[in-house]
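K.L.:
When you get a sec, could you give me coordinates for this:
(one chain, ligands or ions: 2)
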Amino acid sequence: MVVNPFLVGVTGGIGSGKSTLCRYLAELGCELFEADVVAKELQLDDSEVISGIKKLFGENVYGKDPEGNLFLDRRMIAGVVFSDREKLDALNRLVHPKVFNAFDRALERARSNGSRLLVKEAAILFESGSSTALDFVVVVASGMEERVARAVAKGLGSREEIFRRIGSQWPQEKLMEMADYVVCNNGSLEELRLKAVALYRYLLSLAERDS
Ligand SMILES: CC(C)(COP(=O)(O)OP(=O)(O)OC[C@H]1O[C@@H](n2cnc3c(N)ncnc32)[C@H](O)[C@@H]1O)[C@@H](O)C(=O)NCCC(=O)NCCS
Ligand SMILES: Nc1ncnc2c1ncn2[C@@H]1O[C@H](COP(=O)(O)OP(=O)(O)OP(=O)(O)O)[C@@H](O)[C@H]1O
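P.N.:
Residues are numbered from 1 along each chain as shown. Ligands and ions are numbered 1, 2, ... in the order given. Predicted coordinates for the structure are as follows:
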């Protein structure tokens, strides 16, 4: 008998800690699909996505790194899309359908592996409409100052650039209202890990009730 995994979305604003929470969930045994990682792979591997990006942002947005591998100037794209809604929508339209297809394939794999929990981490889950295909959505929330500091430390841009990016996303309060479960990432990494353990146990109980 084929068992459908319980489908869990994890989202949150920039720097909220969603990748870290998902890494802990994966260590505990969840199958993990990272939409942002897949989107980045498509931008380097998929010929339609590559030519679409060149059309939107110019040929020079791609180059070669010192090892000769294809390189995408993500900082340049971020500089454009987070101050131009139409360009952001066009980039999303180009990439998201292919990410959805990749998720369908991940779901097939999870079914054949007999996985009970499949977690989809995505920066924009409600906004892209993909939350409706999931059983349960977790939002990771964190203080604005911490989020901005983390994003700057990660090299995603200056404070001003990060605030512009935040301006193109739904407010954290709106995400929290729409969530089935909110993880407040307002303590140490160890506290976040303990919250991941509690969440994992709860998700397993939901998956069992569902089967
Ligand atoms: C704009 C790009 C080039 C910036 O790359 P960069 O390496 O600087 O950022 P990264 O991809 O690691 O994302 C960091 C954060 O930016 C924000 N962000 C990324 N994409 C989007 C988006 N489409 N809309 C709003 N915020 C976004 C999120 O908070 C995300 O957590 C890149 O994010 C991108 O190609 N985005 C479009 C694809 C996409 O939507 N990916 C996310 C979900 S599939
Ligand atoms: N509670 C915490 N205490 C200390 N550092 C943290 C905490 N939560 C997250 N971090 C650190 O902040 C950085 C950003 O976290 P993470 O990548 O998980 O966030 P994200 O929401 O996935 O970010 P992005 O929006 O950039 O994709 C990481 O270096 C992570 O280790």
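K.L.:
ok, which residues in this protein are in contact with ligand 1?
P.N.:
13-14, 35-36, 39, 74, 77-78, 81, 88, 91-92, 95, 99, 122-124, 156, 165, 168-169 (Cβ under 6 Å from any ligand atom). Placement of C-beta: from N, CA and C, glycine included.
K.L.:
where do the strands sit along this structure?
P.N.:
6-11, 31-34, 62-64, 70-72, 117-121, 136-141, 181-184 (DSSP state E).
K.L.:
CSV for those, including mean pLDDT?
P.N.:
Output for the strands of the chain, formatted as CSV (pLDDT from 0 to 100):
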stretch, mean pLDDT
strand 6-11, 98
strand 31-34, 98
strand 62-64, 94
strand 70-72, 94
strand 117-121, 98
strand 136-141, 98
strand 181-184, 98
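K.L.:
what about N92, distance to ligand 2?
P.N.:
As defined by Cβ to the nearest ligand atom, to the nearest Å, N92 lies at a distance of 16 Å from ligand 2.
K.L.:
do the same with M178
P.N.:
17 Å.
K.L.:
Adjust the sequence numbering to begin at 6 for everything that follows.
P.N.:
New numbering, starting at 6: the last item is M183.
K.L.:
residue contacts, that residue?
P.N.:
Contacts for M183 (Cβ atoms under 8 Å, 6 or more residues apart in numbering) come out as F131, S136, V142, V144.
K.L.:
Kindly report the residues of this protein close to ligand 2.
P.N.:
So far as Cβ under 6 Å from any ligand atom goes, the chain lies against ligand 2 at 17, 19-25, 155-156, 159, 161, 190, 192-194, 197.
K.L.:
if you set the cut-off to 8 Å instead, what comes out?
P.N.:
17-28, 41, 126, 128, 145, 147, 151-152, 155-156, 158-159, 161, 190-194, 196-197 (Cβ under 8 Å from any ligand atom).
K.L.:
in this structure, which helix has the most residues?
P.N.:
helix 90-118 (DSSP state H).
K.L.:
Now do the helices in this structure.
P.N.:
23-33, 40-50, 52-62, 79-86, 90-118, 149-158, 164-172, 177-183, 194-215.
K.L.:
Export those as a markdown table, with columns for mean pLDDT.
P.N.:
A markdown table is the format used below for the helices of the chain (pLDDT from 0 to 100):
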| stretch | mean pLDDT |
| --- | --- |
| helix 23-33 | 98 |
| helix 40-50 | 97 |
| helix 52-62 | 97 |
| helix 79-86 | 95 |
| helix 90-118 | 96 |
| helix 149-158 | 97 |
| helix 164-172 | 95 |
| helix 177-183 | 97 |
| helix 194-215 | 96 |
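K.L.:
Could you single out the most deeply buried of these?
P.N.:
Mean neighbour count (mean count of other Cβ atoms under 10 Å) peaks for helix 23-33 among the helices of the chain, with a mean of 19.
K.L.:
That one to helix 149-158, inter-axis angle?
P.N.:
With axes from the mean of the first three to the mean of the last three Cα atoms, to 10 degrees applied, the angle from helix 23-33 to helix 149-158 works out at 80 degrees.
K.L.:
Determine the set of other helices and strands touching helix 23-33.
P.N.:
Helices and strands touching helix 23-33, by 3 or more Cβ pairs under 8 Å, 6 or more residues apart in numbering; DSSP states H and E, are strand 11-16, strand 36-39, strand 122-126, strand 141-146, helix 194-215.
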